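S.K.: Show me the folded form of this:
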Amino acid sequence: MKKDIYGLQEKWYLIYTNPRAEMKVAKAFDKMGMEYFLPLQRTLKQWSDRKKWVEEPLFKSYIFVRMAIEKSYYQVLAVPGAARIVQFNGRPAEVDQRELDIVKRLLGNLTELAIVSESILDINHQLGDAVEIIAGPLMGCEGRFLNKKGGNQVTIELKTMQQMICVSMPIDYIRMKNQNKNKIA
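M.R.: Numbering: from 1, shown residues only. Purely as a prediction, here's the structure:
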């Protein structure tokens, strides 16, 4: 764990923001010198007169911040637009670095994926089958098979940070996990 200048442990926490205040809160954290992570996705918005690509938060009303909670709790809550620190069982919820790494990989450039085996289009995956991703930027992640989308594309559901994220990828990038008990509850 990274420690701050006072020797306190810095961990990742999830901050709930006012609606559409994520960018404002991120700018405030930046000015304060705090490390934060605001995952953004590009989406095409349509207005009556035009279309435009815009960047929007992947998780609406949430931003991640790395801090020593003992030192920065009230400082973070004083930021305009920051509503509260997300809590589980009455304690600020720590976010594991591995969870953030999965989100970063999801947002990465998926054009660098490479086929690693012969086509296996005859696989008979069932809805809910537990699968392991064996290639590409999400290699090592586990998920749940949702469907096959024509050709050799599949949709996989990944559970990260109490959220479900659906990802499409070539079927060659997955394999069944645990042949005997292959259903995720």
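
S.K.: This protein: strands as residue ranges?
M.R.: Under the criterion DSSP state E, the chain carries strands at the ranges 11-17, 35-37, 40-46, 51-57, 62-67, 82-85, 87-88, 91-92, 94-95, 130-133, 142-148, 153-160, 163-170, 174-176.

S.K.: can you list the weak-confidence ranges in this structure?
M.R.: Along the chain, the model assigns pLDDT under 70 to residues 1, 3-7, 109-125, 149-153, 159-163, 178-185.

S.K.: sorry, back to before: just the strands of the chain: most buried one?
M.R.: Ranked by mean neighbour count, these are led by strand 62-67 with a mean of 22 (mean count of other C-beta atoms under 10 Å). The way it works is simple: take the backbone N, C-alpha and C, and place the C-beta from them, glycine included.

S.K.: Now do it against strand 51-57, angle only.
M.R.: Interaxial angle, strand 62-67 versus strand 51-57 (axes from the mean of the first three to the mean of the last three C-alpha atoms, to 10 degrees): 40 degrees.

S.K.: For strand 62-67, which helices and strands make contact with it?
M.R.: strand 11-17, helix 22-32, strand 35-37 (3 or more C-beta pairs under 8 Å, 6 or more residues apart in numbering; DSSP states H and E).

S.K.: so can I have TSV of the ones you listed showing distance to Val65?
M.R.: Formatted as TSV, these follow (distance: least, C-beta to C-beta, whole Å):
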stretch	distance to Val65
strand 11-17	6
helix 22-32	6
strand 35-37	5
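
S.K.: on that earlier part again, may I see the strands of the chain arranged in TSV, with distance to Lys27 as well?
M.R.: Shown next, in TSV, are these (distance: least, C-beta to C-beta, whole Å):
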stretch	distance to Lys27
strand 11-17	12
strand 35-37	10
strand 40-46	13
strand 51-57	13
strand 62-67	11
strand 82-85	12
strand 87-88	25
strand 91-92	22
strand 94-95	21
strand 130-133	35
strand 142-148	34
strand 153-160	26
strand 163-170	24
strand 174-176	39
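
S.K.: how about the ones you listed, which one is nearest Leu106?
M.R.: Proximity to Leu106, assessed across those by C-beta to C-beta, is greatest for strand 163-170 (6.4 Å).

S.K.: Now the residue of the chain positioned farthest from its centre, what are its backbone angles?
M.R.: Outermost residue of the chain with respect to the C-alpha centroid, by C-alpha atoms, centre = their mean, is Asp49; its distance is 32.9 Å. Dihedral angles of Asp49 (phi, psi; degrees, to the nearest 10) stand at phi -110, psi -10.

S.K.: Over to Leu138?
M.R.: phi -100, psi 10.

S.K.: The residue nearest to it when sequence neighbours are not counted: how many residues sit nearby?
M.R.: In this structure, Leu138 finds its nearest non-sequential neighbour in Arg105, 5.5 Å apart by C-beta to C-beta, 6 or more residues apart in numbering. Neighbour count of Arg105, defined by other C-beta atoms under 10 Å: 17.
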